[in-house]
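Participant: Mind looking at a prediction? Sequence and model below.
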Amino acid sequence: MAPSLCGSFLTSKRSLVAFTWTITTILNFLAFVAALVMMVQIHTHYIRLEHYYEQQYEEYQRQYANNNNNEGEGQEGQAQGQEDGSLDRKIQEYIALTQLYSPSMTFVAVYSVILGFALNLYGSTAIVGFTSLRGDYIGPCFSSPSPAVSRMKTGIFGGAVVVFANILLVCAVVLGEVTVEDGKDDHDRDDREPYEVERIATVLAITCMFLSGLYMMFAILLYLYHGKEADDDEAIMEHHHHHDVKPLRSITNDSRREKFITMEET
């Protein structure tokens, strides 16, 4: 039996890679769930703000109508009308905080989720396997019996993990720079809440950055251990194949001068 890496829990390098991949899959799922929960909370918060500002807008509209009816066309009425118009623009700006959205950002989020779960499913069922709740290593269901094919599929899978990690890194950098240009300077923007789309972009950027580092660390571990384990398995299979093959022996029949190839008995 191969020596254990961690007591009776991790008995080989392959089980170590599978355990790490299981942790990566779980953290990937939890990260997307946490991001979804935070985005729902942000959206709910801005919906409440939208209702509040709409109520304020309707109230100021009624006040503006009453002021016009009571004060007529005098200077006081004009001043009050200018003040109401300023409040109207301000309320409209606050409403825009909640109504602005980005379809491209939604596509990036959905596409990243689909790629992540597809990669996790393929890695668990065809390449790495996974670890059960009791700590037992469960091999992939659709693994290849040929070591050469298995090594090739592992290399392709490792390359896909690296590419996905770099895609997440690029998405994190781009989403982290998402801002809405509304003509306001930093001083004016400090007096109010940021746009909803900006806060959601920040959540997605943090999620993508975390997952990028997670997948990159697993890719390094896969390169260091899983490939070496596959080479060891191939060497063992060649060793057994070498001992199982029976050598050939050439015997010459002196009477007929013909050669016969027979199997030497062991």
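Facilitator: That came in fine, so what should we check first?

Participant: can you pull the pLDDT of Ala2?
Facilitator: Reported pLDDT at Ala2 in the predicted model: 43.

Participant: For Glu50, give its distance to Glu193.
Facilitator: Taking CB to CB, to the nearest Å as the measure, Glu50 and Glu193 are separated by 12 Å. In short, each C-beta sits where N, CA and C put it, glycine included.

Participant: what about the two, which has more around it?
Facilitator: When neighbours are counted by other CB atoms under 10 Å, Glu50 and Glu193 differ, and Glu50 comes out ahead with 17 against 14.

Participant: Mind naming the longest helix for the chain?
Facilitator: Criterion DSSP state H: the longest helix present in the chain is helix 13-71.

Participant: Output the contacting helices and strands for that helix.
Facilitator: Counting contacts by 3 or more CB pairs under 8 Å, 6 or more residues apart in numbering; DSSP states H and E, the secondary-structure elements packed against helix 13-71 are helix 75-99, helix 103-122, strand 130-131, strand 137-138, helix 196-221, helix 227-244.

Participant: Out of the ones you listed, name the one with the poorest average pLDDT.
Facilitator: Set side by side, the helices and strands packed on helix 13-71 differ in mean pLDDT, and helix 227-244 is lowest with a mean of 47.

Participant: which residues sit in contact with Thr131?
Facilitator: Residues near Thr131 by CB atoms under 8 Å, 6 or more residues apart in numbering: Ser15, Ala18, Phe19, Thr22, Tyr137, Ile138.

Participant: where's the fifth one relative to Ala18, distance?
Facilitator: Computed as CB to CB, the Tyr137 to Ala18 distance reads 5 Å.

Participant: Identify the contacts common to these two.
Facilitator: Taking CB under 8 Å, 6+ apart as the contact criterion, the residues that touch both Tyr137 and Ala18 are Gly129, Thr131.

Participant: quick revisit: highest neighbour count among the contacts of Thr131?
Facilitator: Ranked by the number of neighbours (other CB under 10 Å), those place Ala18 first, at 26 neighbours.

Participant: check contacts around the closest residue to that one other than its chain neighbours.
Facilitator: Closest residue to Ala18 apart from its sequence neighbours, by CB to CB, 6 or more residues apart in numbering: Gly129 at 4.4 Å. Listed by CB under 8 Å, 6+ apart, the contact partners of Gly129 are Arg14, Ala18, Trp21, Tyr137, Ile138, Gly139, Pro140, Ser143.

Participant: How about Val197?
Facilitator: Applying CB under 8 Å, 6+ apart, we find Val197 in contact with Leu100, Tyr101, Ser102, Met105, Val178, Val180.

Participant: and the gap between Ala34 and Gln41?
Facilitator: Looking at Ala34 against Gln41, where the rule is CB to CB, the gap reads 11 Å.

Participant: just Tyr101 next, same as before
Facilitator: Relative to Gln41, Tyr101 is positioned 16 Å away (criterion: CB to CB).

Participant: before we move on, what about Ala65?
Facilitator: As it turns out, when the distance is counted by CB to CB, Ala65 lies 37 Å from Gln41.

Participant: Summarise which helices and strands whichever strand or helix holds Val149 is packed against.
Facilitator: Take DSSP states H and E as the rule and Val149 turns out to sit in helix 147-176. Counting contacts by 3+ CB pairs under 8 Å, 6+ apart, helix 147-176 packs against helix 103-122, helix 196-221, helix 227-244.

Participant: now with 6 Å?
Facilitator: The contact analysis (3 or more CB pairs under 6 Å, 6 or more residues apart in numbering; DSSP states H and E) places helix 147-176 against helix 196-221, helix 227-244.
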